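sequence unknown, structure follows:
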C-alpha cells in the first residue's frame with residue numbers, strides 16, 4: 001500500500017509538472033504570436049518609412065536645384081538693382097537692369113540706351 005501511495009504521489013507530481021509545462025508552452029505560443037504580429041507591423045512601418053525616404057530623396061535634388069536657382073536670381077537682382085541705383089543717381093539708365101527685367105524703351109532700337117536719361121521710376 002505504501003508503494004501504491006508513493007507511485008500515486010509521483011504520478012500526481014508528474015501530472016502537476018506536465019500541467020505546468022503545458023501552461024508555460026501555451027503562454028510561450030501566445031507570446032510568440034504577439035511578437036510575430038508586432039514584428040510584422042514593424043516591417044510594414046519600416047517599408048512605409050523606406051518609401052517615404054525614397055520619395056524625399058527623389059524630390060530633394062529637384063527642390064535643392066530650384067531653391068538654388070531662385071536664390072541665385074534674387075542675388076543677381078539685388079546686385080542689378082544696386083548698380084542701377086548708382087547709375088540712376090549719376091543720371092544714367094542701366095541697360096543690364098532693363099535686360100534683366102525684360103524691359104524695353106518705347107522707342108525701341110531707334111534710340112540708343114546710352115542717351116536715355118532717368119526721370120522717374122514706377123511699375124505696375
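Arrived safely, thanks for sending. Note that the structure is predicted; figures quoted are calculated from it, not measured.

Please read off the pLDDT at residue 72 from the model.
Here the pLDDT value assigned to residue 72 is 96.

which SS state does it fall under?
helix (DSSP: H, G, I helix; E, B strand; the rest coil).

Mind telling me what element residue 45 is part of?
helix 2-89 (DSSP states H and E).

C-terminal to that helix, what's the next element?
Trace forward from helix 2-89 with DSSP H and E and the next one is helix 95-100.

tell me which strands and helices that following helix is in contact with?
helix 2-89 (3 or more Cβ pairs under 8 Å, 6 or more residues apart in numbering; DSSP states H and E). Every residue, glycine included, has its C-beta placed from N, CA and C.

Could you list every helix and strand in contact with the helix it packs on?
By 3+ Cβ pairs under 8 Å, 6+ apart, helix 2-89 packs against helix 95-100.

where's the helix it packs on relative to the chain centroid, distance-wise?
In terms of Cα atoms, centre = their mean, to the nearest Å, the centre of helix 95-100 is set 37 Å apart from its chain centre.

contacts for it?
76, 77, 80, 81, 83, 84, 87, 103, 104, 105, 113, 114 (Cβ atoms under 8 Å, 6 or more residues apart in numbering).

what sits against the fifth one?
Translated: residue 83. 94, 96, 97.

Repeat that for the third one.
Residues in contact with residue 80 (Cβ under 8 Å, 6+ apart) are 94, 96, 97, 100.
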